[in-house]
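K.L.:
need coordinates for the following:
(chains A, B, C and D)
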2 protein chains.
Amino acid sequence: MADIEKVLSQAEITCQQQGARLTSKRRMMLTILLEAGVPCSAYEVVEHYRAKTDETIPAMSVYRMLDFLMAQGLVHKLASTNKFLACGHITCSHSHQAPQFLICDGCQTVQEIGVDKTLFNALQKSINQQHFQLNSPQLELHGLCEDCRHD
Amino acid sequence: MADIEKVLSQAEITCQQQGARLTSKRRMMLTILLEAGVPCSAYEVVEHYRAKTDETIPAMSVYRMLDFLMAQGLVHKLASTNKFLACGHITCSHSHQAPQFLICDGCQTVQEIGVDKTLFNALQKSINQQHFQLNSPQLELHGLCEDCRHD
DNA sequence: AAATAAATGATACGATATATCATATTTATG
DNA sequence: CATAAATATGATATATCGTATCATTTATTT
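P.N.:
Coordinates of the predicted model:
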């Protein structure tokens, strides 16, 4: 597990640079996702929050805070599973033009791999041929990680 | 609009080849998606079914039939929008290793483009480097189609 | 300190999806 | 054909995911 404090500090800086406020609750949401390590549904976050703080938080608030964190690029949502996870690259300088997630259907862990230049170019090319203007591609690839493949 | 009858005939053949039964209700589900032209939620399919036949069908049944059609490769589900659409390649001989969907956020139309060899290779390479065993990638790319871009 | 803006809470509800058991239909087999 | 087995569908309930709306609190500006 990477140093969560370090990630949080960087998140703080990122938000400041973007003129966004990382409130203590928003920070807590990010902490929960970082500690979980695997993607969580919004309602799982609600539950983790309750477990950590002994206070309840409305699901509505969690959704809003996750939306905020996504807008800052600190959290991603996996469309294929309706779950949220902390960005794996908060402390590095990647842009996130085309995040690719390798989602293990065995143990639920996710590897967020960086943008492969070759891949992104091939993607752009095949899309431009269709006269389509891309927003932001997000690749979610399901399979088995090395550990689960051997089970 | 492509000839729906032709697509249905091919669907019939595909099912026979796979030892699967394309019942009249399942066939109706596929027809509804083909006629709709845009992706539909399961509950929209329920509604279309009622409009067409004046009979109601349980959502549960629709989900099951859509699952069946997906297992035959006749229908795809868009994870990013929780909607279903008829495969755009039923009458051609594509394998569907890596379907790519260009989803227009303006008008909801979807272009299902074929597997680009270069892209698929780049994808495989970046994945294998992570010792990950892919199930079946499905790329969902959001953006604007040519028409909507000019609005 | 007052006015404004931003964030969060509270409540209700809509949309998506599945579990489970019952019934009907089709297929296989004696 | 008759019956058993398998497959498909219906019916019902409920879990899960997500948003609309209005109230309240907290932070920022002046």
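K.L.:
how about the residue most central in space within chain A, secondary structure?
P.N.:
When CA atoms, centre = their mean is applied to chain A, the residue found nearest the centroid is residue A:76 (2.8 Å). Local secondary structure at residue A:76 is given as strand here, using DSSP: H, G, I helix; E, B strand; the rest coil.
K.L.:
for residue A:83, see how far away it is.
P.N.:
Going from residue A:76 to residue A:83 by CB to CB, to the nearest Å gives 10 Å. Any C-beta I mention is one placed from the backbone N, CA and C, and that applies to glycine too.
K.L.:
with residue A:112 instead?
P.N.:
According to CB to CB, residue A:112 and residue A:83 sit 13 Å apart.
K.L.:
neighbour-wise, which of those two wins?
P.N.:
More neighbours sit around residue A:83 than around the other of residue A:112 and residue A:83, counting by other CB atoms under 10 Å in any protein chain shown; the figures are 21 against 17.
K.L.:
residues in contact with that one?
P.N.:
A:39-41, A:44, A:77 (CB atoms under 8 Å, 6 or more residues apart in numbering or on different chains).
K.L.:
again with residue A:53
P.N.:
Counting by CB under 8 Å, 6+ apart, residue A:53 touches residue A:28.
K.L.:
same thing but at 10 Å, please
P.N.:
Residue A:53 makes contacts with A:25, A:28, A:32, as judged by CB atoms under 10 Å, 6 or more residues apart in numbering or on different chains.
K.L.:
how about residue A:112?
P.N.:
Residue A:112 makes contact with A:76, A:85-89, A:94, A:96, A:99-103 under the criterion CB under 10 Å, 6+ apart.
K.L.:
can you rerun that using 7 Å?
P.N.:
A:88-89, A:99, A:101 (CB atoms under 7 Å, 6 or more residues apart in numbering or on different chains).
K.L.:
so the lowest-mean-pLDDT helix or strand in chain A, near chain B or not?
P.N.:
Ranked by mean pLDDT, DSSP states H and E, the helix or strand of chain A with the weakest confidence is helix A:117-128, at a mean of 81. Yes - with CB under 7 Å from any CB of the partner chain as the measure, helix A:117-128 is seen reaching chain B through A:118-119, A:122-123, A:126-127.
K.L.:
filter the residues you listed down to the ones near DNA strand C?
P.N.:
Here nothing survives when the residues of helix A:117-128 next to chain B are matched to DNA strand C using CB under 7 Å from any atom of the strand.
K.L.:
any chance of TSV for those residues, columns distance to residue B:140?
P.N.:
Supplementary listing: these in TSV, determined by distance: CB to CB, whole Å:
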residue	distance to residue B:140
A:118	21
A:119	16
A:122	17
A:123	12
A:126	14
A:127	12
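K.L.:
now the angle from the least confident helix or strand of chain A to helix B:117-128?
P.N.:
Using axes from the mean of the first three to the mean of the last three CA atoms, to 10 degrees, the direction of helix A:117-128 lies 140 degrees away from that of helix B:117-128.
K.L.:
now what about helix A:117-128, what contacts it?
P.N.:
Applying CB under 7 Å, 6+ apart, the set of residues contacting helix A:117-128 is A:97-98, A:134, A:137, B:102, B:113, B:116, B:118-119, B:122-123, B:126, B:141.
K.L.:
might one say that residue A:139 is in contact with residue A:103?
P.N.:
No - with contact defined as CB atoms under 7 Å, residue A:139 does not reach residue A:103; the gap is 10.3 Å.
K.L.:
which residues in chain A form strands?
P.N.:
Taking DSSP state E as the test, the strands found in chain A are A:75-78, A:83-86, A:100-104, A:110-113, A:133-134, A:139-144.
K.L.:
starting at the chain centroid, how far to the first one?
P.N.:
Okay, so that is strand A:75-78. A distance of 4 Å separates the centroid of the chain from that of strand A:75-78, by CA atoms, centre = their mean, to the nearest Å.
K.L.:
next up, phi/psi of residue A:137, please.
P.N.:
With angles defined as degrees, to the nearest 10, residue A:137 sits at phi -80, psi 140.
K.L.:
pLDDT at it, what is it?
P.N.:
The model reports residue A:137 with a pLDDT of 81.
K.L.:
repeat for residue A:2
P.N.:
Reading off the per-residue confidence, residue A:2 sits at a pLDDT of 66.
K.L.:
do the one 10 residues further on as well
P.N.:
Among the per-residue scores, residue A:12 holds a pLDDT of 97.
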